[in-house]
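Engineer: Fold the following for me, if possible:
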Amino acid sequence: MHLLKVSWAGKILIKEKMPSVPMEEETVLPLKILHTGDLHLGMTYRSRGYPETLRESLVEARFETLKNLVEKANQEDCQLFVVAGDLFHRTNVSQETVLKTVKILSNFNGNCVAVLPGNHDFLEDYGPLWGSFRENAFDNLLLLADTVPYTLEDFNLDAVLYPAPCHRKHSEENRLGWIPELEDRPPGQWHLGVAHGSVRGISPDFDAQYFPMEGEELRELGLHHWCLGHTHVRYPDLDRVGGCPFAYCGTPEPDGFDCSHGGYARITVLDDLGNPESLSISTGGYRFIEMQKEISGVGELEELGRTLEPQGENTLLKLSLSGTLSQEDYLCRAQIYDKLGEILAYLEVEDSRLNVEITPQTISAEFPDGSFPHRLLNRLAGKEEDQALQLAYQLIKKVKK
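Structural biologist: Down below sits the predicted model:
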């Protein structure tokens, strides 16, 4: 205890001063975001000729993945659920698709679901998609339709979103230009960008038609973090990354053989200073695998089947084969394909570069002794000119048909 002399009205007073108690600083909880995009709900999968039951399952899998994302966000206590464009596959998806999507999103328990129009579901002035979306929206669903700051104070979040929504399918210019023109930015603990488009050097956009952005351009805008959509692979391609000014989440459900990963989304946490840390999570149901394989016996295909079997019912395989098989293996390869197809959800085989081993016995079994094919093929076989032998054999077989 300290004694303090205080002068007041010409008198000296003796006053006790109690030990000072430090003021408790207000604790700022981190902002936790589930970042997804490129769900392409309403994709029909009709272009490849899949069996109808599989096609319907692929369509439904995209909705199931969205349900799983909402459930994961709830489990992780995310306050913000961000869809960075292409929630829908096109602007004329069915009303049923819109209603189903809104219903799934309404199960999010956090503060706000923020949805950005992408280049597939771009914002049309008089289009039915986003009008229906708005009409059926729930209280904490926010459509990022305008190039203005969206403060989230009405959702009890001290955050501001800066969107770059797409207004057409293709554009040589991005939608970021309005941000540096702002005279003042709204107050907020966290300032987040949400954009859909390519980033030079990261996204495949050789003709610069997908709202191209520069990495340095995103950094110079001075926001804490950018949630990006459009590129279907994740960037950075790491399970965990800290301090990255922008990130692609990747598509959460693979949509074809050009998508080799199993589907991703991100959970991004911003601390009280706005420093981001992002965790990539696996999300997909189906897996598309394109494989080129050189084989010397059908036993290798049987081994491949055993490897794929644990996830086989959710695996689509496009298999390109090369190599040389014995005549016995070559003749029974179709049976092996059938067995492999029973394990998988879908199998597509291209084996035009798969050859049969040509031996003197094979030649004699197919061509009469002394015939031109018999003499030519045996001569090539004797010189061990395998490539020429195979070519001659295939040409003769075609003529013989």
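
Engineer: Identify each buried residue in stretch 235-248, please.
Structural biologist: Neighbour counts using 16 or more other C-beta atoms under 10 Å place 235, 241, 245-248 of stretch 235-248 among the buried residues. In short, each C-beta sits where N, CA and C put it, glycine included.

Engineer: Show me what that stretch is in contact with.
Structural biologist: 35, 193, 199, 202-203, 215, 218-219, 223, 225-231, 233-234, 250, 266, 268, 275-280 (C-beta atoms under 8 Å, 6 or more residues apart in numbering).

Engineer: cool, and stretch 299-312?
Structural biologist: By C-beta under 8 Å, 6+ apart, stretch 299-312 touches 287, 289, 293, 295, 315, 317, 333, 336-337, 339-340, 343-345.

Engineer: neighbour-wise, which of those leads?
Structural biologist: Within the contacts of stretch 299-312, neighbour counts (other C-beta atoms under 10 Å) peak at Leu317, which reaches 23 neighbours.

Engineer: Show me what that one is bridged to.
Structural biologist: Ile289, Leu347 (DSSP bridges).

Engineer: got it, and the one 5 residues further on?
Structural biologist: As for beta bridges, Ser322 partners with Glu294, Arg353 under DSSP bridges.

Engineer: From what I see, it and Leu354 are in contact.
Structural biologist: Yes. Judged on C-beta atoms under 8 Å, Ser322 makes contact with Leu354 at a distance of 6.1 Å.

Engineer: Compare those two and say which is more crowded by neighbours.
Structural biologist: A direct count of neighbours by other C-beta under 10 Å for Ser322 and Leu354 places Leu354 higher, at 19 against 14.

Engineer: Do I have it right that that one meets Ser320?
Structural biologist: No. If you go by C-beta under 8 Å, Leu354 and Ser320 don't touch, sitting 9.4 Å apart.

Engineer: Would you mind checking the contacts of stretch 235-248 for buried ones?
Structural biologist: Among these, those scoring as buried are 35, 193, 199, 202-203, 218, 223, 225-231, 233-234, 250, 266, 268, 276-278, 280 (criterion: 16+ other C-beta under 10 Å).

Engineer: the helices in the stretch 101-250 of the chain, which residues?
Structural biologist: Under the criterion DSSP state H, counting those that start in this stretch, the stretch 101-250 of the chain contains helices at 128-135, 215-220.

Engineer: what packs against the helix or strand hosting Ser320?
Structural biologist: Element membership of Ser320 [criterion: DSSP states H and E] is strand 315-325. The helices and strands touching strand 315-325, judged by 3 or more C-beta pairs under 8 Å, 6 or more residues apart in numbering; DSSP states H and E, are strand 287-295, strand 346-356.

Engineer: one step back: just send the contacts of stretch 299-312 back as JSON lines, with pLDDT too.
Structural biologist: Shown next, in JSON lines, are those (pLDDT from 0 to 100):
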{"residue": "Arg287", "pLDDT": "97"}
{"residue": "Ile289", "pLDDT": "97"}
{"residue": "Lys293", "pLDDT": "96"}
{"residue": "Ile295", "pLDDT": "95"}
{"residue": "Thr315", "pLDDT": "97"}
{"residue": "Leu317", "pLDDT": "97"}
{"residue": "Arg333", "pLDDT": "94"}
{"residue": "Ile336", "pLDDT": "95"}
{"residue": "Tyr337", "pLDDT": "96"}
{"residue": "Lys339", "pLDDT": "95"}
{"residue": "Leu340", "pLDDT": "96"}
{"residue": "Ile343", "pLDDT": "96"}
{"residue": "Leu344", "pLDDT": "97"}
{"residue": "Ala345", "pLDDT": "97"}
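
Engineer: State the pair within those that is farthest apart.
Structural biologist: Largest separation among the contacts of stretch 299-312 by C-beta to C-beta: Arg287 and Arg333, giving 24.2 Å.

Engineer: From the centroid of this structure, which residue is nearest?
Structural biologist: In the chain, the residue lying closest to the centroid (C-alpha atoms, centre = their mean) is Thr251, at 1.6 Å.
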